[in-house]
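Trainee: What follows is a predicted structure for the sequence shown.
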Amino acid sequence: MRFVIQRTKKADVKVKGETVGRIGKGFLVLIGVSREDTKETADRMIKKMLGLRIFEDENGKTNLSLDSVGGSLLLVSQFTLYANCKKGNRPSFIEAGEPEKAERLYEYIISECRKSGTEVQTGRFGAEMEVSLVNDGPFTIILDSANL
C-alpha cells in the first residue's frame, strides 16, 4: 500500500465539475492499493499517517500531528501509484490491486480514519477526478507499506 501525503492549506476533488470533497488545513492523501494488501496493512498505514508530526509548533519545528492542529483528511484512490515503468514507455499496472479489492480497502481506510474523529472527505473510487491543492511547504511524504 502506498500513501502520498501532502500537507495542505486547502484541497478539493471534483468529478464531472462537481466538488465531491474539500478540506482546508490537513492532508491530501493519494492512496494506492497493491495485490498483496490487507486490512492489517491498512491499519499500519493509517496509524503511521495519523501519527505523523509534520505541522509546525510555535517554534517552527515540525512537532504537531494532524489531530493537534484540528486538520482534515481528503482521501483519494489512485491506482497509478503502482505504475511499473521498468520496460518501455507505457506503464504497467499489474502490481495494483484488483478494483473490487482496492475499493473495499479504500472504503475500510475511510471508515477507520473517521473513527479517529478526524474530518474525512473523499474522492470517488474509479472516477475520473480533478484534484487541486495548495501544498503547504511544500511538504510531501510517501509512505510505502513495504518500508514500514
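Mentor: That came in fine, so what should we check first? Numbering: from 1, shown residues only.

Trainee: Could you identify the helix or strand that succeeds the helix or strand hosting Ile54?
Mentor: Assigned by DSSP states H and E, Ile54 belongs to strand 53-56. Counting by DSSP H and E, the next helix or strand C-terminal to strand 53-56 is strand 62-65.

Trainee: So which residues make contact with that following strand?
Mentor: Residues outside strand 62-65 that contact it (Cβ atoms under 8 Å, 6 or more residues apart in numbering) are Leu50, Gly51, Leu52, Arg53, Ile54, Phe55, Glu56, Asp57. Every residue, glycine included, has its C-beta placed from N, CA and C.

Trainee: so which of those is the most crowded?
Mentor: Counting by other Cβ atoms under 10 Å, Phe55 has the largest number of neighbours within the contacts of strand 62-65, with 22 neighbours.

Trainee: my guess is it meets Ser68, correct?
Mentor: Yes - using Cβ atoms under 8 Å, Phe55 is in contact with Ser68, at 6.7 Å.

Trainee: Strands of this structure, residue ranges please.
Mentor: Secondary structure of the chain (DSSP state E): strands located at 2-15, 18-23, 26-32, 53-56, 62-65, 72-77, 120-122, 129-144.

Trainee: which stretch among those strands comes nearest Ile94?
Mentor: Taking Cβ to Cβ, strand 26-32 is the member of those nearest to Ile94, at 13.2 Å.

Trainee: Just give the strands next to the closest one in its sheet, each with its orientation.
Mentor: Using DSSP bridges, strand 26-32 pairs in its sheet with strand 2-15 (antiparallel), strand 72-77 (parallel).

Trainee: Quick one: neighbours of Phe79, just the number.
Mentor: Counted with other Cβ under 10 Å, Phe79 comes out at 20.
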